[in-house]
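J.: My questions are about this predicted structure, shown below with the sequence.
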Amino acid sequence: MLIAEGKRMNTDDIDKHIALMQSSKIQRLEHEFEKLRPSGTAQFFRAIFGIFILLGIITLFPQILAQPISYLLLFLIFLVAFGTYYESHRVNKRLDTLYHLLKNP
């Protein structure tokens, strides 16, 4: 028998404690899973951020507008690549959380 807080714990107390720990772990994983759900506002803000970055670069370097369009396209390619990396990272975290939820029923 285990002794906790100066008293002996019987098997029922241990089973209840294990069940409570498992349910809290599942609730924590479900919360993380829901937190990683893609949202429309995040995509909207990402698009606004990209536009502000583009306007900022044009403001700092007005000669870009005189250059061939390839520089702007290159910047947009990097912006899309970063956004894809970020979303891929979030999806992988979400899949890991789902895996842990399914692994520990």
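T.: Good, I have the coordinates. Numbering: from 1, shown residues only.
J.: okay, CA-based contacts and neighbour counts for the rest of this
T.: Will do.
J.: Which parts of this protein are helices?
T.: Ranges of helices in the chain, per DSSP state H, are 11-35, 40-60, 70-103.
J.: mind giving me JSON lines with the ones you listed and columns for mean neighbour count and mean pLDDT?
T.: As requested, the helices of the chain are arranged in JSON lines below (neighbours: other CA atoms under 10 Å; pLDDT from 0 to 100):
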{"stretch": "helix 11-35", "mean neighbour count": "13", "mean pLDDT": "81"}
{"stretch": "helix 40-60", "mean neighbour count": "12", "mean pLDDT": "79"}
{"stretch": "helix 70-103", "mean neighbour count": "14", "mean pLDDT": "79"}
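J.: Just the pLDDT at Pro38, thanks.
T.: Note on Pro38: pLDDT of 67.
J.: likewise Arg8?
T.: Note on Arg8: pLDDT of 65.
J.: for Asn104, same thing?
T.: Per the predicted model, pLDDT is 69 at Asn104.
J.: Verify the stated contact: Val32 with Leu95.
T.: No Val there; residue 32 is Glu. No: counting by CA atoms under 8 Å, Glu32 stays clear of Leu95, with 10.9 Å between them.
J.: Burial check on the nearest residue to Arg90 once chain neighbours are set aside, number of neighbours?
T.: Leaving aside its sequence neighbours, Arg90 sits nearest to Leu36 (CA to CA, 6 or more residues apart in numbering; 6.5 Å). Residues within reach of Leu36, counting by other CA atoms under 10 Å, total 16.
J.: Contacts only, for Leu36.
T.: 90-91, 93-94 (CA atoms under 8 Å, 6 or more residues apart in numbering).
J.: got a markdown table for the residues you listed, with distance to Lys25 too?
T.: Converted to a markdown table, these look like this (distance: CA to CA, whole Å):
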| residue | distance to Lys25 |
| --- | --- |
| Arg90 | 20 |
| Val91 | 21 |
| Lys93 | 16 |
| Arg94 | 16 |
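J.: Domain map for this protein?
T.: Listed by automatic domain parsing, the domain ranges of the chain are 1-27, 36-103.
J.: any idea how far Ser24 lies from Glu34?
T.: Distance, Ser24 to Glu34, by CA to CA, to the nearest Å: 15 Å.
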